[in-house]
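**Student:** structure for this input, please:
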Amino acid sequence: MQRSPAHSDPSAIQSCQSIEPFADIFRSPIDKASPIMAGRPALVIFEADGLPAGQQWLKPGEQADPSEEIAARIEARRERPIRASAGYSTSVVICTRDRPEELRRCLASFADQSWTPDELIVVDNASRDQRTRDVVLSAGATYIREDRPGLDFARNSGARAAHGDIVLYTDDDTELHERWVESTIAAFDAPDIMAVTGLVLPARLDTEAQWIFETEWSFGRGFDRIDYGYDFFSQNGRYGCPAWIVGAGANMAFRRIIFDRVGYFDERLDVGQAGCSGDSEFWYRILAAGYICRYEPLAVMFHHHRLEMSGLASQIYHYMRGHTAALMVQYQRTGETGNLRRAFVLLPKYYLDLVANRLKNGLTNKNRFLAEQIKGAAAGIWFFLRNRQIPAPPAESSNIPRR
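**Tutor:** Numbers count the residues shown, from 1 in each chain. Prediction:
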């Protein structure tokens, strides 16, 4: 048994190491498991063959007990071992802004990868000083500067700079499992799979804000592989295909050719612009075009959530701002009216249910950020109305290496 990566790393970035963590994270090998009794709230991640295979939430005083479902999953996985194709060239893109120490920690994850990417690109999205550049160059990665603020500007710059057949994306606030690159590449085992996402687990649960995010807004999508294709898109059309359940933008990859077929990320969306959902809008376009997005839980990484409640509140506001802006963008690009029904029928009903929940149960983790959600959703519609013009394809830039 071991704790999550950051718990065993003395250099891990943490502003509250002098206090007891709000909750523990334990990584427990299933075949060597020793009894785990929770002294405080805890998340137990059961592992087999070095990879997460299931999890269990524990209250204080409860003991971990892996389910039969986890055992069956492990048996099924062993029947299809990871086999990455040596025929693919790979590029990894990390987008960052003013977080050099987090970036340094993320880049350190590549030293132990079982599959070395052909290219490691860091896109500096208008950092205010030279520290980011220094970290990138000291790690031997390719440095690109994108002065237009916005995550999707940076993602597009990275895509255009990449030479690989497969382009993998992660964020600077992650730590990668040592088989992340290998498992991601192996998931592209059919020509119509154009996107792959992976399992994102919490690196730490030291504060209540991190606990609330993981229990109510988690990036995690479970431990079973899922293929999302056009059937998924069409069957969910009445209220707009919920493409966001495909995965998380911190852990995603694409065949390079998809950018030529459906375009690049919409630069009106995500951090620095609308606030979020540039990834899910891109998955939406891939699904609408008839391709497959695969969720592959063997492609694992650990994410460092926001420490403070104020930071989480801002994150939720921008999540909802980006969500409704993306619904409008999806309607604009495809004409699918289900996106409007979700924005103007389903979402208001959801908020009314949260209001009822607050009146009945008082303040809970589920309804804690109700005001931020409502204000963010309204702001996203207004953002779209002020930015209705579809961005032109990314122009050539002297900062980006030519192919």
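**Student:** can you list the residue ranges for strands in the stretch 251-400 of the chain?
**Tutor:** 251-255, 292-303 (DSSP state E, counting those that start in this stretch).
**Student:** tell me the pLDDT at Met309?
**Tutor:** Looking at Met309, its pLDDT stands at 97.
**Student:** could you give the number of residues near the closest residue to it other than its chain neighbours?
**Tutor:** Closest residue to Met309 in three dimensions, ignoring its sequence neighbours and counting by CB to CB, 6 or more residues apart in numbering: Ala209, at 4.6 Å. From N, CA and C alone the C-beta is placed, and that goes for glycine too. Residue crowding around Ala209 was assessed by other CB atoms under 10 Å; the count is 20.
**Student:** alpha carbons of the host helix or strand of Ala209, as CSV, please.
**Tutor:** Ala209 belongs to helix 208-216 when assigned by DSSP states H and E. Extracted C-alpha coordinates of helix 208-216, given in CSV (Å, rounded to 0.1, in the frame of the first residue of the first chain):
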residue,chain,number,x,y,z
GLU,A,208,-12.1,20.7,2.0
ALA,A,209,-12.1,22.5,-1.4
GLN,A,210,-10.2,19.6,-3.0
TRP,A,211,-12.5,17.1,-1.4
ILE,A,212,-15.6,18.9,-2.7
PHE,A,213,-14.2,19.1,-6.2
GLU,A,214,-13.4,15.4,-6.3
THR,A,215,-16.7,14.2,-4.8
GLU,A,216,-19.0,16.6,-6.8
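**Student:** ok, residues contacting that helix?
**Tutor:** Helix 208-216 is contacted by residues 22-23, 41, 43, 57, 202, 204-205, 220, 305-309, 311-312, 315, 365-366, 368 when judged by CB atoms under 8 Å, 6 or more residues apart in numbering.
**Student:** just the buried residues from the residues you listed, in ChimeraX please.
**Tutor:** In ChimeraX, a selection of the buried entries from the contacts of helix 208-216 looks like this (16 or more other CB atoms under 10 Å):
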select :22,23,41,43,202,204,205,220,305,306,307,312,315,368
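**Student:** select, out of the strands of the stretch 251-400 of the chain, the one closest to Asp112.
**Tutor:** Nearest to Asp112 among the strands of the stretch 251-400 of the chain is strand 292-303 (12.8 Å), distances taken as CB to CB.
**Student:** distance of the residue nearest the centre of the chain relative to Asp189?
**Tutor:** Geometric centre of the chain, nearest residue: Ala248, 2.6 Å, by CA atoms, centre = their mean. Here the criterion is CB to CB, to the nearest Å. By it, Ala248 lies 21 Å from Asp189.
**Student:** for Asp171, same thing?
**Tutor:** 26 Å.
**Student:** more crowded one of those two?
**Tutor:** Just comparing Asp171 and Asp189: by other CB under 10 Å the higher neighbour count belongs to Asp171, 22 against 14.
**Student:** that one is in contact with Gly249, isn't it?
**Tutor:** Yes. Under the criterion of CB atoms under 8 Å, Asp171 makes contact with Gly249 at 7.4 Å.
**Student:** roughly how far does Lys59 sit from Cys95?
**Tutor:** Taking CB to CB, one finds Lys59 at 38 Å from Cys95.
**Student:** more neighbours: the two, which one.
**Tutor:** Neighbour totals were compared for Lys59 and Cys95, and Cys95 leads with 29 against 9 (other CB under 10 Å).
**Student:** A helix includes that one, no?
**Tutor:** No. If the criterion is DSSP: H, G, I helix; E, B strand; the rest coil, then Cys95 is strand and not within a helix.
**Student:** show me the contacts for it.
**Tutor:** Val122, Val123, Asn125, Leu151, Ala154, Arg155, Gly158, Tyr169, Asp171, Asp172.
**Student:** with Val200 instead?
**Tutor:** Contact partners of Val200, counting by CB under 8 Å, 6+ apart, are 174, 218-221, 247-248, 250-251, 300-303.
**Student:** out of those, who's nearest Thr324?
**Tutor:** Distances from Thr324 to the contacts of Val200, taken by CB to CB, are shortest for Ala248, at 19.0 Å.
**Student:** most neighbours, which of the contacts of Cys95?
**Tutor:** Ala154 (30 neighbours).
**Student:** looks to me like it is in a strand.
**Tutor:** No. With three-state DSSP as the criterion, Ala154 is helix rather than part of a strand.
**Student:** right, and it touches Asn125 too?
**Tutor:** Yes. The criterion here is CB under 8 Å, and Ala154 meets it with Asn125 at 4.2 Å.
**Student:** what touches both of these two?
**Tutor:** With CB under 8 Å, 6+ apart as the test, Ala154 and Asn125 both reach Cys95, Arg97, Glu146.
**Student:** could you check the pLDDT of the closest residue to Tyr230 other than its chain neighbours?
**Tutor:** Leaving aside its sequence neighbours, Tyr230 sits nearest to Gly290 (CB to CB, 6+ apart; 4.9 Å). What the model reports for Gly290 is a pLDDT of 97.
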